[in-house]
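Student: Next input, structure requested:
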Amino acid sequence: MRKATRQQGFTLLEVMVVLAIIGGIMALVATNLIGSAGDARVKTTISQIKLIEGALDMYKLHNFTYPTTEQGIEALVKKPTSAPEPKNYQTGGYLKGNNVPTDAWGHEFLYFLDKGQYEIVSLGADGQEGGEGENADISSLDK
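Tutor: Coordinates of the predicted model:
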């Protein structure tokens, strides 16, 4: 007499339920990671603005004034030749690497000087004025 043996394993339905659960978990994790990346770029851009502010303060300490709007942030890596020409420009500039930093999205910072008060602006992820969330402008005056 042959004894009936029952094979053990997973049914198709059980496998599909497990895959659906794993897919749901992956969707939640991916959503959280994508949101975190945007926040990280904003925080990185704020840090870069603070770095530029420190370099601008050193520039002013040596030269008694901030670079003009026309001279821009480039004055921190290359000695300006337009008036007012800095008399005590630091050899090698004020930023390491002799490169003007960009924001976390690769856009150039905007720089304005008005009545001795400067402003450094990033236009956010979209590179355009205004916006919300990751697209919002970030200014050195937003403290």
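
Student: can I have stretch 60-70 written out in PDB, keeping just the CAs?
Tutor: Output in PDB follows, covering the C-alpha atoms of stretch 60-70 (Å, rounded to 0.1, in the frame of the first residue of the first chain):
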ATOM      1  CA  LYS A  60      35.100  93.300   5.000                       C
ATOM      2  CA  LEU A  61      37.500  92.900   7.900                       C
ATOM      3  CA  HIS A  62      40.400  93.200   5.500                       C
ATOM      4  CA  ASN A  63      39.000  95.700   3.100                       C
ATOM      5  CA  PHE A  64      36.500  97.800   5.300                       C
ATOM      6  CA  THR A  65      33.600  97.200   2.900                       C
ATOM      7  CA  TYR A  66      31.700  94.300   1.400                       C
ATOM      8  CA  PRO A  67      32.000  93.600  -2.400                       C
ATOM      9  CA  THR A  68      29.500  95.600  -4.400                       C
ATOM     10  CA  THR A  69      26.600  94.000  -6.100                       C
ATOM     11  CA  GLU A  70      28.400  94.300  -9.400                       C
END
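
Student: Flag every buried residue along that stretch.
Tutor: Neighbour counts over stretch 60-70 (16 or more other CB atoms under 10 Å) mark Asn63, Tyr66, Pro67, Thr68 as buried. For every residue, glycine as well, the C-beta is placed using N, CA and C.

Student: so where's the chain uncertain?
Tutor: Flagging of the chain using pLDDT under 70 yields the residue ranges 1-7, 31-35, 143.

Student: Quick one: the strands in it, in order.
Tutor: For the chain, the strands defined by DSSP state E occupy 110-114, 117-122, 138-139.

Student: Quick one: closest of the ones you listed to Gly93.
Tutor: strand 110-114 (15.2 Å; CB to CB).

Student: ok and the closest one relative to strand 117-122, angle-wise?
Tutor: 170 degrees (axes from the mean of the first three to the mean of the last three CA atoms, to 10 degrees).

Student: who does strand 110-114 pair up with?
Tutor: Strand 110-114 has the following sheet partners, assigned by DSSP bridges: strand 117-122 (antiparallel).
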